[in-house]
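> Structure, please.
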Amino acid sequence: DGNLHATPVMPPEWELSQWERILPAILHDLYQACKDLGGRISGEHGIGHKRKQYLAETVDPGFLNMMRAIKTALDPNGILNPGKIFD
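Below is the predicted model:
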């Protein structure tokens, strides 16, 4: 479907501190490759809290502005799922 459905898993022999240090670079490279290939990191299921910070990097700014405009039009008071996609 053109969407990335991947969750990196920490190698069992690694320490958590090592994983937390390298995971942002792994995700950046993974999401950049997805974008370069014409895919998206979100789909019919939404973006999710963990991927929210990467949305602006992987979606065209015009598309992101359109999403924000639709959200504002349908939820002018920001009460429906506040903070899920836009802060």
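> Helices of this protein, residue ranges please.
Assigned by DSSP state H, the helices in the chain fall at 16-36, 55-58, 61-74.
> what would those look like in TSV with mean pLDDT and mean neighbour count?
Glycine gets a C-beta too; all of them are placed from N, C-alpha and C. Below are the helices of the chain laid out as TSV (pLDDT from 0 to 100; neighbours: other CB atoms under 10 Å):
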stretch	mean pLDDT	mean neighbour count
helix 16-36	92	13
helix 55-58	82	15
helix 61-74	93	11
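> Please identify which of these is closest to K84.
Among those, helix 61-74 comes nearest to K84, with 9.5 Å by CB to CB.
> Provide a list of residues in contact with the residue nearest the centre of the chain.
Nearest residue to the geometric centre of the chain (CA atoms, centre = their mean): R51, 3.0 Å. Listed by CB atoms under 8 Å, 6 or more residues apart in numbering, the contact set of R51 reads Y31, I41, S42.
> and if we set it to 7 Å?
Listed by CB atoms under 7 Å, 6 or more residues apart in numbering, the contact partners of R51 are I41, S42.
> and it, what pLDDT?
On the pLDDT scale, R51 is placed at 79.
> Which phi and psi values does it adopt?
Taking degrees, to the nearest 10, you get phi -100, psi -10 for the backbone angles of R51.
> what about D36, distance to I26?
D36 sits 16 Å away from I26, going by CB to CB, to the nearest Å.
> ok, the residue nearest to M67 when sequence neighbours are not counted - how many residues close by?
Setting aside the residues directly before and after it, M67 is nearest to I85 in space (CB to CB, 6 or more residues apart in numbering), at 7.1 Å. By the criterion of other CB atoms under 10 Å, I85 has 17 neighbours.
> thinking I85 is in contact with I47, fair?
Yes: using CB atoms under 7 Å, I85 is in contact with I47, at 5.9 Å.
> picking that back up, dump the helices of the chain into JSON lines; add distance to H5 as well.
JSON lines is the format used below for the helices of the chain (distance: least, CB to CB, whole Å):
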{"stretch": "helix 16-36", "distance to H5": "10"}
{"stretch": "helix 55-58", "distance to H5": "14"}
{"stretch": "helix 61-74", "distance to H5": "20"}
